[in-house]
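A.B. asks: okay, sequence plus prediction incoming.
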Amino acid sequence: MCGIVGGIAERNITEILIEGLKRLEYRGYDSAGVAVINQGQLLRERQVGKVINLADAVAAHHLQGNLGIAHTRWATHGKPSEQNAHPHASGNVAVVHNGIIENYQELKQELQQLGYVFSSQTDTEVVAHLVNHALKQTPDLLQAVQSIVPRLKGAYALGIVWTEQPDELIAVREGSPLVIGVGIGENFISSDQLALLPVTNRFIYLEEGDIVRLKRNSIEIFVNGQAIDRPVKELDAAVTNSSKGEYKHFMLKEIFEQPDAVQQTIAQALDADTLKPDFLAKANQTFAAIQQIQIIACGTSYHAGMVAKYWCEQIIGLPCHVEIASEYRYRHPVIVANTLFLCISQSGETADSLAALRDIQRRAKQKHIPIHTMAICNVSTSSMIRETDFHLLTLAGPEIGVASTKAFTTQLAALMLLVLKIGEIKQTLAESLKQDIIKALWHCPKVLNETLKNDTEILRLSSLFVEKQHCLFLGRGTHFPIALEGALKLKEISYIHAEGYAAGELKHGPLALVDNDMPVVILAPKDEMLDKLKSNMEEVQTRGGELFVFADEHSDIHAQDRKHVVHIPQVSEWLAPIIYCVPVQLLSYHVAVLRGTDVDQPRNLAKSVTVE
Ligand code: G6P
């Protein structure tokens, strides 16, 4: 979603801001802008399209200054246009904003009655006018911002500057991510630390309700008007590595990083043939007490949760429910005592997932219902990790491509570790099965590497999808979620309409779509459902559908006319979903590249959806 960068320094800041925006490009955006203060003047530049357009305009107009704010916008209120791009200004105040001001209509009417003229259709512009208006009564930027913040409803992060105080930047965090980058004689803000890595590796992670006054040599944080301290954290080098290296796209790099990412994730929990005694040890008592798990997540993370439901119920017999956060948060679900609420999220900042978590916590507290919360998350500094009782990190490293890949496989690995851990604590996991799964987990990176060797074969097949309009993905059991994930990958980056189905549902609708022009992708690991899946394949072939089968090398499925088969190395049936998502990721990637789409930043999508 949209991104903020801002800073104050002795040196010219525009290049830092532009570089920061480039690093936020992965979040998805449609326009970009920057405002700086230079010798008492507010200078602004805004452009529709890529940050490079903005960079060219900034260079052409020699925009320079020591204090500035910059923004990539992902349109919510008002179409992508220069007028709607941030920063928004009112008088000598400029504002960048991430999130949504829900009561902006009401505030807008009030401001219009006071004579303020709106030049955009955005919700953000009300903030600029409100601050400008407040400064007429209170000529101090911090106080003015503090006075208007209680009037804003919604979720937002703000960066605000005023020409009359050219030595300070005011920032606000309320429901949308914002971090401070701590420099030497210079300080910065951003919605993602990645944007600031060229200038610092020291960060302060703001909390909800924080208002900050940033100067070159000081950082003051206020909560309800009271100054407070927040710790400065130093990032290690691994987190800071985010270049494409030899790969053409981040997505491809991230697909090929999966063996290492999974290895890292499992190594934190496993000794040779057992779980490390200190793995999630803090949660031992909780795991002994829980009666069920409720998973809440969005997008790809939701698909990981769906796989975990099969694992949890089949392997350790613990009831497990999974729901999309945007539904869960609004349907007032019954909160059952001794439930482990498990949020799965790559970013840990997804608005719906966080809102669902907070709603559960609030309602459980109100009704005195004992519950427990946990996050499986890829960002150790995220809101989700801070706000849950326990967490398990996926050690995937930064994921930049909007289409999630290595975050997904590491989420699956982490979920299996969690299932093993809970089974061990509850003594519902047979020792021999536990040993088998641990062995298979250690083997997983090797199988992933072998599976990646199918890349050339999959590239060849992908050319057969380029002209297609639609595609079906079918799987059974734990591979039903992988079919959903495959369809999601294909649609989000190649823009081909794709649907994932549980293969058993074929006859209940999607079979009507199957004809000569409908590619059908089948996920066929060797498990107890394989014979049933073979019947589904027959049904497709009989109707003239073209099959693309990812099948276990020992599954006795062979290529025929209009039946393409890619053999996948044999793997334990428990871990097959971790392996079978790789070919669908590669297929989607190659189809998208052949169709010439923007693979890492697909149109209309964002990496971290921090608005509802
Ligand atoms: C967006 C991203 C997806 C991601 C989903 C959930 O839609 O484009 O890749 O799966 O958000 O994000 P999270 O960070 O909570 O996993």
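C.D. replies: Thanks, I have it.
A.B. asks: could you use CA atoms for every contact and neighbour count after this?
C.D. replies: OK.
A.B. asks: state the distance from E492 to the ligand.
C.D. replies: Separation of E492 from the ligand (CA to the nearest ligand atom, to the nearest Å): 8 Å.
A.B. asks: surely E207 and R173 touch.
C.D. replies: Yes - judged on CA atoms under 8 Å, E207 makes contact with R173 at a distance of 6.7 Å.
A.B. asks: these two: who's more crowded?
C.D. replies: More crowded of E207 and R173, by other CA atoms under 10 Å: R173, with 23 against 19.
A.B. asks: before we move on, which element is the more buried one in?
C.D. replies: strand 169-174 (DSSP states H and E).
A.B. asks: kindly report the same for P445.
C.D. replies: Counting by DSSP H and E, P445 is found in helix 431-452.
A.B. asks: distance between that helix and the chain's centre?
C.D. replies: Distance of helix 431-452 from the chain centroid (CA atoms, centre = their mean, to the nearest Å) equals 27 Å.
A.B. asks: list the buried residues in it.
C.D. replies: The neighbour-count check on helix 431-452 (16 or more other CA atoms under 10 Å) flags 434-435, 437-438, 440-445, 447-449, 451-452 as buried.
A.B. asks: still on that earlier bit, which helices and strands does the very next helix or strand once past the strand holding R173 pack with?
C.D. replies: Sequence-wise, the next helix or strand downstream of strand 169-174 (DSSP H and E) is strand 179-182. Applying 3 or more CA pairs under 8 Å, 6 or more residues apart in numbering; DSSP states H and E, one finds that strand 179-182 contacts strand 187-190, strand 202-205.
A.B. asks: quick check: which of those strands is buried the most?
C.D. replies: Highest mean neighbour count among these (mean count of other CA atoms under 10 Å): strand 187-190, with a mean of 28.
A.B. asks: residues from the protein in reach of the ligand?
C.D. replies: 298-301, 345-348, 350, 402-404, 606-609 (CA under 6 Å from any ligand atom).
A.B. asks: out of those, which end up buried?
C.D. replies: Buried, going by 16+ other CA under 10 Å: 298, 300-301, 345-348, 350, 402-404, 606-609, out of the residues of the chain next to the ligand.
A.B. asks: what about G397, how many neighbours?
C.D. replies: Neighbours of G397 (other CA under 10 Å): 20.
A.B. asks: circling back to that earlier point, right, and the helices and strands packed on strand 179-182 - which one's nearest N516?
C.D. replies: strand 187-190 (50.2 Å; CA to CA).
A.B. asks: how distant is that closest one from the center of its chain?
C.D. replies: 21 Å.
A.B. asks: same question, stretch 26-36
C.D. replies: 18 Å.
A.B. asks: check stretch 491-501 too.
C.D. replies: That offset, for stretch 491-501, works out to 19 Å (CA atoms, centre = their mean).
A.B. asks: what residues sit buried inside it?
C.D. replies: 491-496, 498-501.
A.B. asks: now stretch 52-64
C.D. replies: 53-55, 57-58, 63-64.
A.B. asks: dump it to PDB, restricted to CA.
C.D. replies: Extracted C-alpha coordinates of stretch 52-64, given in PDB (Å, rounded to 0.1, in the frame of the first residue of the first chain):
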ATOM      1  CA  ILE A  52      11.300   7.500 -11.900                       C
ATOM      2  CA  ASN A  53       8.900  10.200 -13.300                       C
ATOM      3  CA  LEU A  54       9.000  12.000 -10.000                       C
ATOM      4  CA  ALA A  55      12.800  11.600  -9.800                       C
ATOM      5  CA  ASP A  56      13.200  13.200 -13.300                       C
ATOM      6  CA  ALA A  57      10.900  16.100 -12.400                       C
ATOM      7  CA  VAL A  58      12.800  16.700  -9.100                       C
ATOM      8  CA  ALA A  59      16.100  16.700 -11.000                       C
ATOM      9  CA  ALA A  60      14.800  19.000 -13.800                       C
ATOM     10  CA  HIS A  61      13.500  21.500 -11.300                       C
ATOM     11  CA  HIS A  62      16.500  21.200  -8.900                       C
ATOM     12  CA  LEU A  63      14.300  20.600  -6.000                       C
ATOM     13  CA  GLN A  64      16.400  20.700  -2.800                       C
END
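A.B. asks: perfect, I'm done here.
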